[in-house]
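Engineer: The sequence and its predicted three-dimensional model are supplied below.
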Amino acid sequence: MRYFDCGTLIDGFSDDPVHDARVVVEDGTVAAVGPREEVSAPEDADRVDCTGEVVVPGLVDAHVHLQGSRSMDPMDWVTDSTALGTARATADLRSLLSAGFTAVRDVGSTTGLALRDAVDEGAIPGPRVYTSGQAISQTAGHGDVHFLPAEWVEDGDGISTLADGPAECRKEARRRFREGVDCLKIMTTGGVLSEKDAPDQSQFTDAEIGAMTEEARRVGVPVASHAQGAPGIKSALRNGVDTIEHGFYLDEEAVDLFRETGATFVPTLSIMHRIVNHGADHGVPEYGLEKSREASEAHYDAVRRAYEAGIPIAAGTDFIGPDLVPHGENALELELLADEVGMTEMDAIRAATSMAGRTVADDAVGGITEGKYADLVALEADPLDDVSAVRDVAAVYRGGERVAV
Ligand SMILES: [Zn+2]
């Protein structure tokens with residue numbers, strides 16, 4: 001057994017921090033937490049002194065791709081081998097841990113399942129990985145690679161597979177469950193980095209989306225939808241998805257649907273910020289730059305409106321590995337939520353802890369409360385003064401064990 005004495009504790013749920021706090025850890029989970037005078041130290045337990053630090057829950061990035069990419073050129077994403085990507089991604093996992101990220105949701109990769117299992121076995125260090133495996137897209141959809149001959153995509157090993165019609169969609173979902181995924185990722189609109197579609201085009205019919213969400217419900221797996229334009233966001237929500245990824249254009253009806261369904265919004269401001277500001281220097285294709293610039297203002301506006309409406313917002317970067325969007329700098333999302341959206345520092349922290357925890361089917365993720373994983377980050381400075389302090393990591397603990405810094 002082990003306990004942590006904390007200068008200040010932010011638990012990921014509460015409105016206020018606890019000063020002079022104590023966290024008792026047993027078998028990797030939080031056994032007790034509260035003000036030090038109310039939580040007694042167990043006998044024969046190790047004391048970890050964090051009295052000079054601010055302790056926050058291990059951060060969660062609710063939207064990553066552990067694909068190990070090192071380029072923003074979609075052609076490289078096709079030609080790089082999965083083996084090379086997996087090897088590089090082991091370094092990305094270490095970078096994530098060092099940055100205080102103790103859990104990630106991988107929503108589209110050929111590598112996620114193997115990485116998850118290797119981390120779980122203790123073969124490689126890393127955050128807890130919750131993965132969709134390969135995403136599911138319609139033909140000509142966001143996950144199709146439009147510049148390649150169709151047969152190459154169908155027989156290839158890209159980050160999405162293709163399915164058309166409710167029967168194929170159902171079968172593709174079942175294939176993912178057979179592989180052992182933790183969530184399903186589907187594409188219900190076009191996107192920025194897919195050449196021949198557009199963010200405001202909806203993809204998949206209601207019947208196709210419904211077939212996949214029905215299968216997912218049966219096995220208790222949440223469904224994430226890449227959805228940027230309002231029509232595709234609304235068809236995803238009406239047909240039972242659990243999270244909306246990106247959400248560039250939200251109309252009133254979409255906001256109401258979020259409220260009715262309790263779905264979580266994962267805006268992924270970070271990748272858009274990086275593409276708009278630095279993408280041209282990093283080989284982002286012209287069509288990607290153009291579509292990002294066009295959507296950027298509406299995107300911030302959508303997130304602000306969602307925040308005002310009280311919709312649950314989770315932090316997710318959409319980082320994939322290259323210098324433009326590298327793992328290890330995932331704290332950018334909290335900064336953008338605070339600085340550009342206007343979230344309070346506490347809400348930005350909650351977005352990367354309890355709110356991000358909502359996106360995975362594991363109740364033990366996302367906070368320092370009884371029964372949760374003892375995933376903690378000790379910070380040198382107070383993120384309630386400036387959320388950038390989440391970058392000043394003194395130590396990272398996973399399941400109560402020190403894993404980084
Ligand atoms: Zn993504």
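Structural biologist: Now that the structure is in, tell me what you want to look at. Predicted model only: the values in this text are computed from it and were never measured. Numbering: from 1, shown residues only.
Engineer: where exactly do the helices run in the stretch 251-400 of the chain?
Structural biologist: With DSSP state H, counting those that start in this stretch as the criterion, the stretch 251-400 of the chain has helices at 252-261, 269-278, 286-308, 332-336, 345-351, 354-357.
Engineer: Burial check on the closest residue to Asp197 other than its chain neighbours, number of neighbours?
Structural biologist: Using Cβ to Cβ, 6 or more residues apart in numbering and skipping the chain neighbours, the partner closest in space to Asp197 is Gly190 (3.0 Å). C-beta: built from backbone N, CA, C; applies to glycine. Each residue near Gly190 was counted by other Cβ atoms under 10 Å, and the total is 23.
Engineer: Next one: the residue lying closest to Asp323 once chain neighbours are set aside relative to Asp80, how far apart?
Structural biologist: Counting by Cβ to Cβ, 6+ apart, Asp323 lies nearest to His282, which is 6.5 Å off, once chain neighbours are set aside. For His282, the distance to Asp80 (Cβ to Cβ, to the nearest Å) stands at 16 Å.
Engineer: Ok, Ile124 next?
Structural biologist: According to Cβ to Cβ, Ile124 stands 19 Å off from Asp80.
Engineer: and of the helices of the stretch 251-400 of the chain, who's closest to Trp152?
Structural biologist: Between Trp152 and those, the tightest spacing by Cβ to Cβ is seen for helix 286-308, at 19.9 Å.
Engineer: And that closest one, what does it pack against?
Structural biologist: Other helices and strands packing on helix 286-308, by 3 or more Cβ pairs under 8 Å, 6 or more residues apart in numbering; DSSP states H and E, are helix 252-261, helix 269-278.
Engineer: Format these as TSV; extra columns: mean neighbour count, mean pLDDT and distance to Leu9.
Structural biologist: Converted to TSV, the helices and strands packed on helix 286-308 look like this (neighbours: other Cβ atoms under 10 Å; pLDDT from 0 to 100; distance: least, Cβ to Cβ, whole Å):
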stretch	mean neighbour count	mean pLDDT	distance to Leu9
helix 252-261	16	97	31
helix 269-278	21	97	27
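Engineer: what ranges do the helices span in the stretch 51-200 of the chain?
Structural biologist: Using DSSP H, counting those that start in this stretch, the helices of the stretch 51-200 of the chain run over 74-79, 82-98, 112-121, 150-155, 165-179.
Engineer: Nearest to Leu337, out of these?
Structural biologist: Among the helices of the stretch 51-200 of the chain, the nearest to Leu337 by Cβ to Cβ is helix 82-98 (18.4 Å).
Engineer: Alpha carbons of that closest one, in PDB - could you do that?
Structural biologist: Coordinates of each C-alpha in helix 82-98 appear next as PDB, following Å, rounded to 0.1, in the frame of the first residue of the first chain:
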ATOM      1  CA  THR A  82       2.500  -1.000 -40.100                       C
ATOM      2  CA  ALA A  83       5.600  -2.500 -38.500                       C
ATOM      3  CA  LEU A  84       7.500   0.800 -38.800                       C
ATOM      4  CA  GLY A  85       4.500   2.700 -37.500                       C
ATOM      5  CA  THR A  86       4.100   0.500 -34.500                       C
ATOM      6  CA  ALA A  87       7.800   0.700 -33.600                       C
ATOM      7  CA  ARG A  88       7.700   4.500 -33.800                       C
ATOM      8  CA  ALA A  89       4.500   4.600 -31.800                       C
ATOM      9  CA  THR A  90       6.200   2.900 -28.900                       C
ATOM     10  CA  ALA A  91       8.300   6.100 -28.600                       C
ATOM     11  CA  ASP A  92       5.100   8.200 -28.900                       C
ATOM     12  CA  LEU A  93       3.600   6.200 -25.900                       C
ATOM     13  CA  ARG A  94       6.600   7.200 -23.800                       C
ATOM     14  CA  SER A  95       6.300  10.800 -24.800                       C
ATOM     15  CA  LEU A  96       2.600  10.700 -23.800                       C
ATOM     16  CA  LEU A  97       3.400   9.300 -20.400                       C
ATOM     17  CA  SER A  98       6.200  11.900 -19.800                       C
END
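Engineer: need the contact list for Val241.
Structural biologist: Going by Cβ atoms under 8 Å, 6 or more residues apart in numbering, Val241 touches 186, 188, 209, 213, 223-225, 227, 263.
Engineer: just Ala361 next, same as before
Structural biologist: 130, 182-183, 220-222.
Engineer: could you redo the last one with a cut-off of 6 Å?
Structural biologist: Residues near Ala361 by Cβ atoms under 6 Å, 6 or more residues apart in numbering: Pro222.
Engineer: the domain parsing of this structure - what is it?
Structural biologist: Per the record, the chain has its domains at 2-58+367-404, 59-357, by automatic domain parsing.
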